[in-house]
Every structure is written in structure tokens, then in C-alpha cells.
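Engineer: how would this look folded up:
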Amino acid sequence: MSLMEDSNFNMKNSESTKKVKIRKSKVKKSIRNISQQIEDIHRERNREIDKNKLNLDEASWQENNNQKYLEISASDYYNLGLLEGKYLLKKIRSQRLLIKAIATTTRKKGYEYARFLEMARSYEDSIPDSYLKQGSFGNIIDEIQGIADGISGISFEEVFLQNCFIDVVYGELLPFQAGIPNEYEFGCTSFGAMVKNNNLNHSESIEMPYIGQNFDFNLSFKPSLCYVLHKVGNSPKVFSLRLGGMLSLPTGKNGWGLKCCINIIKCTIPGEYTIPTGILSRMVLTNSHNIEEAYKTTYAQPNPNAYNIMMADKSKILSCETIPTDHIRRDISTYYASSNTFVSPEYQQYLLEPNYSKKRQEFAHHSLGLKYALGMKKSDFKELLSYKPIICRTPKNPFESRTLAFFTNDFFGLGDPAGQKWGLIPSLED
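Structural biologist: Reported below is the predicted structural model:
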């Protein structure tokens with residue numbers, strides 16, 4: 001019996017349809033109308049920058065061990081956006097072309113590019129008023145506006161859509177069977193473990209939390225990918241993986257020692273219209289000193305899609321299995337592996353493809369367990385992430401997803417971790 005024929009699925013799909021009708025019945029409220037006074041203040045502030053701060057606005061491409069990243073220092077978030085628009089122009093335009101290409105495959109189901117833009121506005125409209133009154137959220141709106149102002153022919157709505165892209169695909173197109181081809185799916189594997197850390201001030205080794213992941217995409221995503229290190233005012237430095245105009249994927253770290261990794265999951269439950277992934281990821285990395293602050297921010301509202309997230313700070317590791325309406329938290333004291341599936345029995349019913357990523361999940365957990373039993377070291381992460389063909393994927397078929405990025409506490413890179421050099425993440429401490 002096919003998934004569509006399954007009665008349980010039909011019931012969930014019916015409930016999902018009701019949710020869509022409820023969404024569409026919401027009264028639209030433009031962010032910029034609701035918070036016009038707030039934004040006017042920001043706009044005025046941005047146009048009256050102290051001349052002594054102008055030397056803070058600079059950007060350049062850096063390289064470590066043949067791995068490139070963009071480094072930006074800005075006096076405020078609008079100028080950060082302007083610099084991102086200037087230096088990431090090709091990547092943002094490439095992502096727009098990719099989204100338009102996806103729209104050509106889903107338009108038979110009523111999902112054209114214009115519909116995607118309408119959906120992005122629905123995410124805007126659904127952001128709680130309490131967030132709009134916060135200066136930190138105003139900074140994000142400033143930054144997106146700066147990106148749009150810095151690129152000819154790109155609107156605020158199009159940059160906002162890129163920040164909703166994962167949510168549009170995994171929160172609506174896939175749950176509602178909109179005809180998106182499998183080659184556009186994400187695949188990724190994350191590892192977390194308490195590893196031995198030789199402390200020079202002690203005769204014995206101590207354990208420290210360490211996480212890492214591979215990010216698998218279709219080759220068409222490659223021109224949109226990059227790593228960015230940015231610093232604005234008194235906010236911490238943030239180093240993260242980007243996809244076009246996304247302010248951040250949930251893969252990166254900040255100057256306070258918080259790290260995070262993500263595995264997106266195909267789920268039968270549609271995502272909620274709420275703070276989109278690109279913006280929520282940035283909020284977490286900008287405002288969180290530790291896991292508990294990051295956890296509170298992440299789950300303060302419903303979720304725009306289904307995923308596994310792994311976070312680490314200076315003392316512990318946290319992993320959460322997440323569906324749009326709920327999540328299961330695990331505090332990790334030893335080791336844990338996750339991929340694009342759920343391991344909790346109660347969440348199996350929500351998997352759109354029940355068998356997808358199961359073998360990779362089992363292999364990842366088993367391989368990590370063996371390493372941990374022998375005394376886990378930081379260097380073991382390179383071997384784990386380089387395991388071919390299951391963890392490090394390099395298929396001959398150009399249409400299959402492959403490993404195009406990797407990240408750990410200390411290292412980063414574009415390409416596959418087995419075939420590319422590993423760049424050292426620069427110090428993020430002020």
C-alpha cells in the first residue's frame with residue numbers, strides 16, 4: 001500500500017489542509033506597516049552614521065588552507081546588509097535562479113514563483129508583534145533591507161523569501177506533495193560527543209563537547225553556498241554557513257562558544273508560518289551565550305519545518321528531534337548521531353518517507369559508538385565525516401545529492417571532507 005493510500009496519512013493530510021485554510025484566512029499585516037515608527041527610527045539612524053564609524057564598514061574574502069570565507073565588519077546591521085549584498089551578489093542571484101527553477105517544477109500544483117513570494121509575506125505577517133518591538137529584530141529587518149538595497153533588481157521580499165526557502169520546501173511543498181523533484185532534497189549527518197581534551201594546566205585529560213556535520217545538496221546549490229564571518233558593534237562574532245541571501249543556516253558558531261548543526265527532515269505535518277529558518281538561526285547565533293538561551297529562542301514559537309538540531313556550548317551537548325508542533329529534547333552526556341530521520345518511536349508516524357536515511361543513521365550511530373568506546377578525540381571527527389560513500393557522499397550521478405560543505409567546532413570547508421582541505425575557523429573571541 002502506498003503512503004498516499006494509507007488511512008493514517010489521509011487523516012493527517014486532511015488536518016494539514018485545514019491548517020492551510022486557517023493560514024489563508026489570517027488577516028494580513030505587513031511588518032513594515034505595523035512597525036513603521038520603529039523602522040523609521042532605524043532608517044534615520046542608518047543615514048546619520050557617525051563619520052568616525054565609517055572605518056568599521058569593511059569586507060574582504062579570506063582564505064585558510066584553501067578554504068574561503070567572507071569576513072565583514074560593520075557599524076550597524078543595515079551596512080552589514082549592504083556589504084553582504086555587494087560581496088554575495090552572485091550567490092544571492094544564483095539562489096534566486098534556483099528557487100525559480102524549483103517553481104517551474106511545482107507550478108502545476110499552483111506553486112509559482114509569485115506564490116512563493118506570497119508565502120514569504122505570510123511568514124512576515126506571522127511574526128509576533130512582541131518581536132517587532134525588539135531592537136534585535138529591527139536589526140534583522142535592517143540587514144535584509146540593506147542586502148536588497150545593495151543589489152540592483154533584488155527586492156526585500158525576494159531576500160526574505162531566501163530566508164524562508166527551507167521552510168517553503170520542507171514546511172509546505174513536501175508535506176502537500178507539490179511535485180518537487182527528489183534531487184532538490186537536503187541530506188546531512190551530524191555527530192556530537194564528549195571528547196578528550198588535554199588541558200595544559202592539569203595532568204589528566206578532561207572532556208569537552210564537540211560537534212560536527214556534513215551538508216549534502218544537489219550540485220545546483222553549489223554556486224549559492226559560502227561561509228561568512230561577521231561582526232557588528234557589541235554583538236558577538238558569528239561564523240556560519242550561508243545559502244544565497246539566508247542570514248544563516250543553522251550550522252555555525254558564535255564568539256560566546258555556542259555551536260549548532262542541523263538535519264532537515266521530510267515530514268507529513270506542514271510547517272507553521274512563523275519566524276523562518278534563516279532569521280531564527282541568526283537570532284540564535286547572535287543572542288545566545290549558551291545552549292539554554294539558544295533552546296529557549298528556538299522553541300519560543302511553533303516550528304516552520306521538521307528537523308533534528310544539535311547544539312553545544314563550552315560544557316554540554318543538546319539534541320532535539322523537532323516536528324512543527326512539538327519536539328523531544330535529549331541532553332547528551334556521551335555521544336549522539338543524527339541524520340535526516342527520527343529515531344524516537346513516537347515520531348516515526350510523521351516521516352514522509354519512513355525508510356529514508358535509516359541506513360545512514362544506523363551507520364553513523366554505530367561508527368560514532370566505536371570511536372567513543374576507544375576514547376573519542378577531536379581528530380576522529382575528520383575520519384567520521386570522511387566515511388565514503390554513506391556519510392561523505394560523492395555519487396557519480398550529477399543529479400544526486402552530494403556532500404558540498406562540512407563543519408566542526410574548529411574546522412570548516414566547502415566540498416567533501418575526504419577530498420578537500422580543512423580550513424581552520426578563525427578565533428571568534430573579542
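Engineer: From now on I want contacts and neighbour counts done on CA atoms only, so please keep to that.
Structural biologist: OK.
Engineer: so which strand or helix has residue 123?
Structural biologist: Residue 123 is part of helix 113-125 when elements are defined by DSSP states H and E.
Engineer: cool, and residue 130?
Structural biologist: Under the assignment given by DSSP H and E, the secondary-structure element containing residue 130 is helix 129-132.
Engineer: Repeat that for residue 140.
Structural biologist: Applying DSSP H and E, one finds residue 140 within helix 135-149.
Engineer: Now do that helix: distance to the chain's middle.
Structural biologist: Here helix 135-149 is found 18 Å from its chain centre; the criterion is CA atoms, centre = their mean, to the nearest Å.
Engineer: Just the pLDDT at residue 276, thanks.
Structural biologist: Per-residue confidence at residue 276 stands at 95 (pLDDT).
Engineer: Give me the distance from the helix holding residue 130 to the chain's centre.
Structural biologist: Relative to the mean C-alpha coordinate of its chain, helix 129-132 is positioned 22 Å out (CA atoms, centre = their mean).
Engineer: returning to what we had before: could you identify the helix or strand that succeeds the helix holding residue 140?
Structural biologist: On the C-terminal side of helix 135-149, the closest following helix or strand by DSSP H and E is helix 156-168.
Engineer: quick one on the thing from earlier: report all helices and strands that the helix holding residue 140 contacts.
Structural biologist: Of the remaining helices and strands, those touching helix 135-149 by 3 or more CA pairs under 8 Å, 6 or more residues apart in numbering; DSSP states H and E are helix 36-47, helix 77-87, helix 156-168.
Engineer: so for the first one, what's the average pLDDT?
Structural biologist: Right, the one you point to is helix 36-47. The average pLDDT for helix 36-47 rounds to 49.
Engineer: Also the shortest one?
Structural biologist: Computed over helix 77-87, the mean pLDDT rounds to 97.
Engineer: next one: the last one
Structural biologist: Per-residue confidence for helix 156-168 averages out to 97 on the pLDDT scale.
Engineer: Which of the residues in it are classified as buried?
Structural biologist: In terms of neighbour count (16 or more other CA atoms under 10 Å), helix 156-168 has its buried residues at 157, 158, 159, 160, 161, 162, 163, 164, 165, 166, 167, 168.
Engineer: Show me which of these is closest to residue 392.
Structural biologist: Of all the buried residues of helix 156-168, residue 166 has the smallest distance to residue 392: 21.9 Å, by CA to CA.
Engineer: now stretch 259-271: how far from the chain's centre is it?
Structural biologist: Going by CA atoms, centre = their mean, the spacing between the C-alpha centre of stretch 259-271 and its chain's C-alpha centre is 10 Å.
Engineer: er, stretch 317-331 actually
Structural biologist: A distance of 15 Å separates the C-alpha centroid of stretch 317-331 from that of its chain, computed with CA atoms, centre = their mean.
Engineer: and residue 263, bridged to which residues?
Structural biologist: With DSSP bridges applied, the residues forming beta bridges to residue 263 are residue 308.
Engineer: Next, count neighbours for it.
Structural biologist: For residue 263, the tally of surrounding residues (other CA atoms under 10 Å) stands at 25.
Engineer: Return the distance of it relative to residue 338.
Structural biologist: As defined by CA to CA, to the nearest Å, residue 263 lies at a distance of 7 Å from residue 338.
Engineer: how big is the angle separating the helix holding residue 140 from helix 77-87?
Structural biologist: On the basis of axes from the mean of the first three to the mean of the last three CA atoms, to 10 degrees, helix 135-149 is oriented at 30 degrees to helix 77-87.
Engineer: Name the residues of the helix holding residue 123 that are buried.
Structural biologist: Result for helix 113-125 [16+ other CA under 10 Å]: buried residues 113, 116, 117, 119, 120, 121, 122, 123, 124, 125.
Engineer: do the same with stretch 334-352
Structural biologist: Of the residues in stretch 334-352, those with enough neighbours to count as buried (16+ other CA under 10 Å) are 334-342, 347, 350-352.
Engineer: Helix or strand: which one has residue 413?
Structural biologist: When elements are assigned from DSSP H and E, residue 413 belongs to strand 411-414.
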